[in-house]
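Enquirer: pasting a predicted model and its sequence here:
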Number of protein chains: 2
Amino acid sequence: MILFNGQPADFIPAWDRGLHYGDGVFRTLKVKSGQPCAWGDQYAKLERDCAALALDCPPEKQLLQEIRAASSDLGDCALKIIISRGVGQRGYAMPGRAVPSRMLFASPLPDYPASRWEEGIILRLCQTRYGHQPRLAGIKHLNRLENVLARSEWEDPAIAEGLMLDLDDQIISGTMSNVFLIRDGALFTPSLDQCGIAGVQRERIIRAAHHLGITLNIDRIKLNSIDKFHGGFVCNSLIGLWPVARVNDLDWPVSNLVRDIQAWLDRHG
Amino acid sequence: MILFNGQPADFIPAWDRGLHYGDGVFRTLKVKSGQPCAWGDQYAKLERDCAALALDCPPEKQLLQEIRAASSDLGDCALKIIISRGVGQRGYAMPGRAVPSRMLFASPLPDYPASRWEEGIILRLCQTRYGHQPRLAGIKHLNRLENVLARSEWEDPAIAEGLMLDLDDQIISGTMSNVFLIRDGALFTPSLDQCGIAGVQRERIIRAAHHLGITLNIDRIKLNSIDKFHGGFVCNSLIGLWPVARVNDLDWPVSNLVRDIQAWLDRHG
């Protein structure tokens, strides 16, 4: 089911600035029995992303009610929230009295093979790079052509995810996920101050590392240093965490550290 | 009037990838008595931009018919064409049998004061920068948050346009226009191989310079070299050409060179 500003709808206004400029932000999350998972983190991130684009964030209570309504016929589902600048006229200037559009999309949960959680995935190196744009870095906004082009580089369903670099050969993220690497029992994840999306699941894993006493480093990571790592995983709010079994001709085992974080995420679902 | 895939519509499908990812391209052009101006250039650019994103470009004949239909009640008007990847499902992967969406939006021509063409405009320096992304540079795609944020920096209607730089302090363009500068009777315009939109009016002015025997340089232009120039103008397909009367504390006269190009554009409308 789709809700547009609270009403069931299969269509949105043609002059919505989300379409014309990608002028908005979004969230994708898992709903279990009508309850959005990790909602506190999700709403806090939505508020921050809206603020970064000077968008009014809808009240939490309103969103929670609408999430329950949108997911009512599916039960457990994937839910996407889009908050756009709303309907505008021709031209980049923001309308004087812009009323943001609030769009909720409920979909069946993706049906991934269990091996992705158990044995791990093949992570493919993408040619499409992230450009640097510190003003928009980290925000889950609607300008996602880089991710679309990176994801279009392969069709083989055996490849679960692609690894994206920036223009300086630094590892940034998957096309739809954040990335963590492991070395000597410590976790490393790319800093996202120039590009990429800082997802909620990334935040939760940083928290998990803290609770589990695992050293965590947020840093620039060059692709040519990847063979110094012994393992890694990708994460997002729908998949949770997939260990990386193979990347860039390296075979990685699934370590106890990865299993500990998977278990922590399951416990704090 | 709005046409969605040839049919009058005020709404578009909520799952259109233009909304979700900005996965598409657009054109804005002037229509006079049902005829799109500079159509040969406009369609050629639309074809190139579609090809750059692996989108099927609609046939020229179909678009021309629909432009006439969309503009029939307005006569002279501004017309925006959006070609998006079409309706998709959740996720960045392109749908196997994607059918691009074709959207035409006819609007009244903007009512700018005549002084903008005659005495010229104030060009304001924007804080929002273009990030570098060579894969997307020059393409008029739907990921336009940089332009939106730059345009949101001022509300004073006396300021007609904002000047956007890249992260290296290089002059790139206006928020909705391309920029040309003048020195010693020669024209200079920024190279757009790292960011920015290479508009049709920019192409036409490059052609005008060739026909008028004016030396034209496409190059990197640092902001701190702007006081070496004696004049300039901004251009797009709706406004034609506005001389810059004031930028960054410099006052510029409107030279004969500018008037010659304005006249050439009018003759080749």
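Expert: Now that the structure is in, tell me what you want to look at.

Enquirer: now do the helices in the stretch 151-269 of chain A.
Expert: Using DSSP state H, counting those that start in this stretch, the helices assigned to the stretch 151-269 of chain A run over residues A:200-212, A:256-267.

Enquirer: starting at the chain centroid, how far to the last one?
Expert: Once both centres are worked out by C-alpha atoms, centre = their mean, to the nearest Å, helix A:256-267 turns out to sit 19 Å from its chain's centre.

Enquirer: so which of the helices of the stretch 151-269 of chain A comes closest to chain B?
Expert: helix A:200-212 (16.1 Å; C-beta to the nearest C-beta). For glycine as for every other residue, the C-beta is placed from the backbone atoms N, C-alpha and C.

Enquirer: and the closest one, what does it pack onto?
Expert: helix A:39-52, strand A:178-183, strand A:186-190, strand A:216-219, strand A:231-236, strand A:240-247, helix A:256-267 (3 or more C-beta pairs under 8 Å, 6 or more residues apart in numbering or on different chains; DSSP states H and E).

Enquirer: partner strands of the second one, with direction?
Expert: This points to strand A:178-183. Strand pairing for strand A:178-183, using DSSP bridges, gives strand A:186-190 (antiparallel), strand A:231-236 (antiparallel).

Enquirer: leaving out chain neighbours, which residue sits closest to the residue nearest the centre of chain A?
Expert: Centroid-nearest residue in chain A, with C-alpha atoms, centre = their mean: residue A:199, separated by 4.6 Å. Closest residue to residue A:199 apart from its sequence neighbours, by C-beta to C-beta, 6 or more residues apart in numbering or on different chains: residue A:178 at 5.0 Å.

Enquirer: ranges for the helices of the stretch 1-150 of chain A?
Expert: So, for the stretch 1-150 of chain A - with DSSP H, counting those that start in this stretch - the helices run A:17-21, A:39-52, A:60-70, A:115-118, A:145-151.

Enquirer: got the contact list for the shortest one?
Expert: Right, the one you point to is helix A:115-118. A:160, A:239-243, A:254, A:262 (C-beta atoms under 8 Å, 6 or more residues apart in numbering or on different chains).

Enquirer: just the CA coordinates of stretch A:253-267, formatted as PDB?
Expert: Provided in PDB are the C-alpha atoms of stretch A:253-267 (Å, rounded to 0.1, in the frame of the first residue of the first chain):
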ATOM      1  CA  PRO A 253      36.200 -16.300   6.500                       C
ATOM      2  CA  VAL A 254      33.300 -15.300   8.700                       C
ATOM      3  CA  SER A 255      34.800 -14.600  12.000                       C
ATOM      4  CA  ASN A 256      33.400 -14.800  15.500                       C
ATOM      5  CA  LEU A 257      33.400 -11.000  15.600                       C
ATOM      6  CA  VAL A 258      30.900 -10.900  12.800                       C
ATOM      7  CA  ARG A 259      28.700 -13.500  14.500                       C
ATOM      8  CA  ASP A 260      28.800 -11.500  17.700                       C
ATOM      9  CA  ILE A 261      27.600  -8.400  16.000                       C
ATOM     10  CA  GLN A 262      24.900 -10.300  14.100                       C
ATOM     11  CA  ALA A 263      23.700 -11.700  17.400                       C
ATOM     12  CA  TRP A 264      23.800  -8.300  19.100                       C
ATOM     13  CA  LEU A 265      21.700  -6.800  16.200                       C
ATOM     14  CA  ASP A 266      19.200  -9.700  16.500                       C
ATOM     15  CA  ARG A 267      18.900  -9.100  20.200                       C
END
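
Enquirer: now do the buried residues in that stretch.
Expert: A:254-255, A:257-258, A:261-262, A:264-265 (16 or more other C-beta atoms under 10 Å in any protein chain shown).

Enquirer: before we move on, what about stretch A:59-66?
Expert: Residues A:63, A:66 are the ones in stretch A:59-66 that count as buried (16+ other C-beta under 10 Å).

Enquirer: what about that stretch, near chain B?
Expert: No: judged by C-beta under 8 Å from any C-beta of the partner chain, stretch A:59-66 stays clear of chain B, getting no closer than 14.3 Å.

Enquirer: let me see the contact set for the closest residue in space to residue A:161 that isn't next to it in sequence.
Expert: Spatial nearest neighbour of residue A:161, excluding adjacent residues (C-beta to C-beta, 6+ apart): residue A:174 at 4.4 Å. Applying C-beta under 8 Å, 6+ apart, we find residue A:174 in contact with A:123, A:161-164, A:234, A:236.

Enquirer: distance of residue A:174 relative to residue A:247?
Expert: Using C-beta to C-beta, to the nearest Å, we find residue A:174 at a distance of 10 Å from residue A:247.

Enquirer: what is in contact with those two at once?
Expert: Common contacts of residue A:174 and residue A:247 (C-beta under 8 Å, 6+ apart): A:123, A:163.

Enquirer: what does the stretch 151-269 of chain A have sitting close to chain B?
Expert: A:151-152, A:167, A:175-176, A:195.

Enquirer: now pLDDT and neighbour count too, for those residues, in JSON lines please.
Expert: Output for those, formatted as JSON lines (pLDDT from 0 to 100; neighbours: other C-beta atoms under 10 Å in any protein chain shown):
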{"residue": "A:151", "pLDDT": "97", "neighbour count": "23"}
{"residue": "A:152", "pLDDT": "96", "neighbour count": "19"}
{"residue": "A:167", "pLDDT": "97", "neighbour count": "17"}
{"residue": "A:175", "pLDDT": "98", "neighbour count": "25"}
{"residue": "A:176", "pLDDT": "98", "neighbour count": "22"}
{"residue": "A:195", "pLDDT": "98", "neighbour count": "25"}
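
Enquirer: quick one: which two of the residues you listed are the most distant?
Expert: Farthest-apart pair in these is A:167 and A:176; separation 20.5 Å (C-beta to C-beta).

Enquirer: what's near enough to touch residue A:153?
Expert: Residue A:153 neighbours (C-beta under 8 Å, 6+ apart): A:124, A:126-128, A:162.

Enquirer: scratch that, residue A:125
Expert: A:162-163, A:165, A:223, A:247-248.

Enquirer: and the gap between the residue of the stretch 151-269 of chain A found nearest chain B and residue B:22?
Expert: The stretch 151-269 of chain A approaches chain B most closely through residue A:151 (3.9 Å), counting by C-beta to the nearest C-beta. Relative to residue B:22, residue A:151 is positioned 14 Å away (C-beta to C-beta).

Enquirer: so which of the helices of the stretch 1-150 of chain A is the most surrounded?
Expert: Comparing the helices of the stretch 1-150 of chain A by mean neighbour count (mean count of other C-beta atoms under 10 Å in any protein chain shown), helix A:17-21 comes out on top with a mean of 28.

Enquirer: what residues are up against residue A:121?
Expert: Residue A:121 makes contacts with A:159-161, A:234, A:242-246, as judged by C-beta under 8 Å, 6+ apart.

Enquirer: for those residues, work out which two are farthest apart.
Expert: A:159 and A:243, at 14.8 Å, using C-beta to C-beta across those.

Enquirer: what about these two, which has more around it?
Expert: residue A:243 (24 against 14; other C-beta atoms under 10 Å in any protein chain shown).

Enquirer: how close does residue A:268 sit to residue B:229?
Expert: 59 Å.

Enquirer: kindly report the same for residue A:69.
Expert: Taken as C-beta to C-beta, the span from residue A:69 to residue B:229 is 58 Å.

Enquirer: sorry, back to before: and the buried ones among the contacts of residue A:153, selectable in ChimeraX?
Expert: The following ChimeraX line selects those of the contacts of residue A:153 that are buried, judged by 16+ other C-beta under 10 Å:
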select /A:124,126,128,162
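
Enquirer: isn't residue A:108 right up against residue A:73?
Expert: No: Residue A:108 is not in contact with residue A:73 according to C-beta atoms under 8 Å; the separation is 10.7 Å.
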